[in-house]
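J.: Fold the following and give me the result.
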Amino acid sequence: MEAAKREPARFDALYRRYLARVYSFAYYELGDHHAAEDATEATFVSALTNLHRFEERARPADGEVPPALEELTAREIEVLRLVAQGLSNAEIATHLVVGESTAKTHVSRIFMKLQLRDRAQAVVLAYESGLVQAGSTDTK
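T.: Okay, here's the model as predicted:
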């Protein structure tokens with residue numbers, strides 16, 4: 001529980017996202033409610049303790065393309081970074097020195113290739129894949 005006390009926000013996020021699944025599995029395996037609760041707590045504490053190791057491995061190196069984005073061209077990856085930073089098509093066009101319709105085409109192709117419905121999904125994917133990180137304003 002010491003790890004949960006050091007980083008309560010991270011523990012809470014893990015707990016909310018995975019509680020039902022972890023508990024269900026533990027109950028299925030152990031067949032006892034109290035044992036399942038103890039196993040669930042131990043699982044979360046262990047995950048929190050080791051989370052930093054997995055975050056470091058999941059973060060792509062500079063210039064490396066995350067596996068989820070391998071089918072994008074270099075220009076589309078650049079556009080996705082800009083979308084993740086909240087830029088509109090007009091702002092992307094200005095940044096890349098292209099026409100607004102060209103920027104819009106890049107965004108549309110990204111959505112099509114990655115099967116995304118909207119910009120919100122694109123932003124989530126960019127962060128989850130490690131393409132961009134919170135607080136980053138780098139527009140490579």
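J.: Glu78: neighbour count?
T.: Look at Glu78: counted by other Cβ atoms under 10 Å, it has 17 neighbours. Quick note: C-beta positions are derived from backbone N, CA and C, even for glycine.
J.: Okay, now the unreliable bits of this protein?
T.: 1-8, 10-15, 17, 44-45, 47-65, 135-140 (pLDDT under 70).
J.: show me where it has helices.
T.: For the chain, the helices identified by DSSP state H occupy 2-6, 8-30, 33-58, 74-84, 89-96, 100-114, 119-128, in order along the chain.
J.: Which of these sits closest to Ala68?
T.: Among those, the nearest to Ala68 by Cβ to Cβ is helix 119-128 (6.7 Å).
J.: So which bits of that closest one are buried?
T.: Arg119, Ala122, Val123, Leu125, Ala126 (16 or more other Cβ atoms under 10 Å).
J.: Give me the contacts around stretch 90-110.
T.: Applying Cβ atoms under 8 Å, 6 or more residues apart in numbering, the contact partners of stretch 90-110 are 72, 75-76, 78-80, 82-83, 87, 89, 116, 119, 122, 139.
J.: how much space between the closest residue to Lys113 other than its chain neighbours and Ile77?
T.: Spatially, and ignoring its direct neighbours in sequence, Lys113 is nearest to Glu71 (5.3 Å; Cβ to Cβ, 6 or more residues apart in numbering). Here Glu71 is placed at a distance of 10 Å from Ile77 (Cβ to Cβ, to the nearest Å).
J.: which one of the two has more residues nearby?
T.: Counting neighbours by other Cβ under 10 Å for Glu71 and for Ile77 shows that Ile77 has the greater number, 17 against 10.
J.: The more buried one reaches Glu70, doesn't it?
T.: No - the pair Ile77 and Glu70 does not pass the contact test of Cβ atoms under 8 Å, sitting 9.7 Å apart.
J.: Between these two, which contacts overlap?
T.: Common neighbours of Ile77 and Glu70 (criterion: Cβ under 8 Å, 6+ apart): none identified.
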